[in-house]
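1. 3D model of this:
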Amino acid sequence: MGIKRFKPTTPGLRHAALCDFSELTKHKPEKSLLVPLKKSGGRNSYGRVTSRHRGGGHKRMYRLIDFKRNRLDDIATVLGIEYDPNRSCRIALVEYQSDKAKSYILAPLELKVGETVVSTNSDNGEIRPGNAFPLSRIPLGTPIHNIEMKPGKGGKIVRSAGTSAQLLGKEGEYAMLRLPSGEMRRLLSSCRATIGQLSNVEHETQSIGKAGRNRWLGIRGQSRGVVMNPVDHPHGGGEGKTPQGNPHPVTPWGKPTKGYKTRKPRKYSDQFIAKRRK
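-> Residues are numbered from 1 along each chain as shown. Next comes the predicted model:
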C-alpha cells in the first residue's frame, strides 16, 4: 500500500498522487454479493435536483457489506482484500467455515489473506483486527471501527479509510469513546464494534491531479456565486470583479452558509455527547 507519483508528461499527471493498490489480493468481486446501483443525478422522486453538482460518473455495482457482524462464534477465513468503488476503505471477502457462505466486511489495516475473523460475545475471544465484540468486552484504549449507535442496527460510524475510535472508559451500561473528529461520546455497552484501524490510511494524501477524475466519480464542476448574475445568485452582479457584497455568505436561496451551524439546539443525542469535536 502506497502512493504512486508520475512524471509530469501531461498537466493532469503533474500533481497527481494516486493509490498504487498494492494491498489488493483479489481483483474480481464476488458476483453473489453484487447488486445494481442506479444513479440519481442528485434528483429526488419528483425529478427535482436536491443535491447539486452530481451526475455522470463511471458505472458501479454495490457490494453488500456485513455491517452487523451478527453471525456469532462462526469463524470466517479471509479469502481476499478488494477495492470497493462505493467507499474509501478496502473490503475483505470472508468465507464462514460452518456453511461456506461468503460475505464482505470492512478490511482493517493489518488483516491478511488466510487469517480468520470471528464475531463473538465471549470474554475468551482474541482481541485482534477484524474480530467483533460488544463494547463491554473490549479492553480500554483499543482502536475500533464500524461502531453501532443502537444495538443490533449494524455499524454506523467510523467506517471511512484510515479511521479508528478509541474506547476510553466504561460506566454502568454506557461506554465512552473518542471519535476520529475528537468528539467524546457515550454509547450503550451492548453496541458492537470491530477491532482495529481501517485500511487505506493514505487515502487523505491522494491528489486527483485533474478535473476529469472528479467527473469519473460523479462530481460535476461548480460555479461561484460571485460570477453569476443577480437573478441566479445573491452574490452575483456588479461591474467587473466584485466581492460577494453580503455581510455573510449565503446559498443561491438566501440561506447562510460556510460555517453557519444548522444543528438543532436541543437535539435528542446531545445528552450522549460529553465533549464537542471543536
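
2. For this protein, just list every one of the helices.
-> Taking DSSP state H as the criterion, the chain contains helices spanning 11-14, 211-216.

3. With adjacent residues omitted, what lies nearest to Tyr62?
-> By the measure of C-beta to C-beta, 6 or more residues apart in numbering, the closest residue to Tyr62 outside its immediate chain neighbours is Leu37, 4.4 Å from it. For glycine as for every other residue, the C-beta is placed from the backbone atoms N, C-alpha and C.

4. Surely that neighbour and Arg63 touch.
-> No - proximity of Leu37 to Arg63 does not meet the contact threshold set by C-beta atoms under 8 Å, at 9.6 Å.

5. Of the two, which one has the most company?
-> Legend: neighbour count by other C-beta atoms under 10 Å for Leu37 and Arg63, higher for Arg63 (20 against 13).

6. I'd like the distance between that one and Ile91.
-> Look at Arg63 and Ile91: by C-beta to C-beta, to the nearest Å, they are 6 Å apart.

7. Residues in contact with both of the two, list them for me.
-> Taking C-beta atoms under 8 Å, 6 or more residues apart in numbering as the contact rule, Arg63 and Ile91 both touch 82, 84, 104.

8. Name the nearest residue to the second one, sequence neighbours excluded.
-> Beyond its immediate neighbours in the sequence, the residue positioned closest to Asp84 (C-beta to C-beta, 6+ apart) is Ile91, lying 4.6 Å away.

9. Now do the same contact list for that neighbour.
-> By C-beta under 8 Å, 6+ apart, Ile91 lies in contact with 63, 65, 81-84, 104-107.

10. quick check, nearest of the residues you listed to Gly218?
-> Nearest to Gly218 among the contacts of Ile91 is Asp84, at 15.1 Å by C-beta to C-beta.

11. Cool, thanks, talk later.
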